[in-house]
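**Student:** Quick one: sequence plus predicted model below, questions after.
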Amino acid sequence: DTEVTQTPKHLVMGMTNKKSLKCEQHMGHRAMYWYKQKAKKPPELMFVYSYEKLSINESVPSRFSPECPNSSLLNLHLHALQPEDSALYLCASSQGLAGDEQYFGPGTRLTVT
Amino acid sequence: SQELEQSPQSLIVQEGKNLTINCTSSKTLYGLYWYKQKYGEGLIFLMMLQKGGEEKSHEKITAKLDEKKQQSSLHITASQPSHAGIYLCGAKLYSSASKIIFGSGTRLSIRP
């Protein structure tokens, strides 16, 4: 099983809303990632969690707040977003950090109005 | 990413024909990953290459990492409509890195 699930599939939110994106994997992977992908652009790394601890933050604005409650779950809390934050948000997981392939979820299409 | 160049940007191929997509790095590659993405969907992992000269195949798709570990090619034999999509190469540019940097992608269309 190489499945990473993400919910919701689509999300529309206003600039004053608070919402959360959820990612789950049951492959026993110890590293999880959030990527942001704008239209016709490659994915860009936002955050990396390793063994439930934040390992990398790619200078992401504080209106994006990641959380890793356990080794299978990864959340991305959203608050006071801007229209330019509209994008496809992808979650991925890997066995470890170095050298391991990452498996991606289907993504959440976020629209900020 | 300027560190990872992918070519061509788009490709239209007659069904049944072969094709090659290239991925070139300005730095030594410590891991090279090929993914396929349908528009607006997640990335599907295809192959990972780590050793210079390494070659892997899956069904009709073959990927190679050159000896100097700075370039990879993805070759599709006898293309089918199911091969259509966006092919992304991703790379780890440092031996201790957990970060994958992606190329800009190649949009592949298969003409019946």
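**Tutor:** Nice, thanks for sending it over. Numbers count the residues shown, from 1 in each chain, chains lettered A, B, ... in the order given.

**Student:** Excluding chain neighbours, give the residue nearest to residue A:106 in space.
**Tutor:** What sits nearest to residue A:106 in space, not counting adjacent residues and going by C-beta to C-beta, 6 or more residues apart in numbering or on different chains, is residue B:42, at 4.2 Å. For every residue, glycine as well, the C-beta is placed using N, CA and C.

**Student:** residue ranges of the strands in the chain, please?
**Tutor:** Because you didn't say which chain, this covers chain A. Counting by DSSP state E, one finds strands in chain A at the ranges A:4-7, A:10-13, A:18-25, A:31-37, A:44-50, A:53-57, A:64-70, A:73-79, A:87-94, A:103-104, A:108-112.

**Student:** Wait, chain B was what I had in mind.
**Tutor:** With DSSP E as the criterion, chain B has strands spanning B:4-7, B:10-14, B:19-25, B:31-37, B:43-49, B:55-58, B:61-65, B:71-76, B:85-92, B:101-102, B:106-111.

**Student:** Is the shortest one in proximity to chain A?
**Tutor:** Meaning strand B:101-102. Yes: with C-beta under 8 Å from any C-beta of the partner chain as the criterion, chain A is reached by strand B:101-102 at residue B:102.

**Student:** and residue A:84, how far is that from residue A:56?
**Tutor:** 22 Å (C-beta to C-beta, to the nearest Å).

**Student:** quick one: which of these two has more around it?
**Tutor:** Using other C-beta atoms under 10 Å in any protein chain shown, the more surrounded residue of residue A:84 and residue A:56 is residue A:56, with 16 against 8.

**Student:** list the contacts for that one?
**Tutor:** Applying C-beta atoms under 8 Å, 6 or more residues apart in numbering or on different chains, one finds that residue A:56 lies in contact with A:45, A:47, A:48, B:98, B:99.

**Student:** Quick one: neighbours of the third one, just the number.
**Tutor:** In other words, residue A:48. Count around residue A:48 with other C-beta under 10 Å applied: 22.

**Student:** Could you check what's spatially nearest to it, not counting adjacent residues?
**Tutor:** Leaving out its chain neighbours, residue A:48 is closest to residue A:56 (C-beta to C-beta, 6+ apart), at 3.8 Å.

**Student:** go on, the fourth one?
**Tutor:** Distances taken as C-beta to C-beta, 6+ apart put residue A:97 closest to residue B:98, at 3.7 Å, once the chain neighbours are dropped.

**Student:** Quick check: that neighbour touching residue A:50?
**Tutor:** Yes: Residue A:97 lies in contact with residue A:50 (C-beta atoms under 8 Å); the separation is 5.5 Å.

**Student:** shared neighbours, the two?
**Tutor:** Shared contacts of residue A:97 and residue A:50, counting by C-beta under 8 Å, 6+ apart, come down to A:31, B:98.

**Student:** Name the residues of chain B found near chain A, please.
**Tutor:** Checking chain B against chain A by C-beta under 8 Å from any C-beta, the hits are B:1, B:30-31, B:33, B:35, B:40-45, B:48, B:50, B:88, B:92, B:95-100, B:102-105.

**Student:** among these, which ones are buried?
**Tutor:** For the residues of chain B next to chain A, a burial check counting by 16 or more other C-beta atoms under 10 Å in any protein chain shown picks out B:1, B:30-31, B:33, B:35, B:41-43, B:45, B:48, B:88, B:92, B:97-100, B:102-105.
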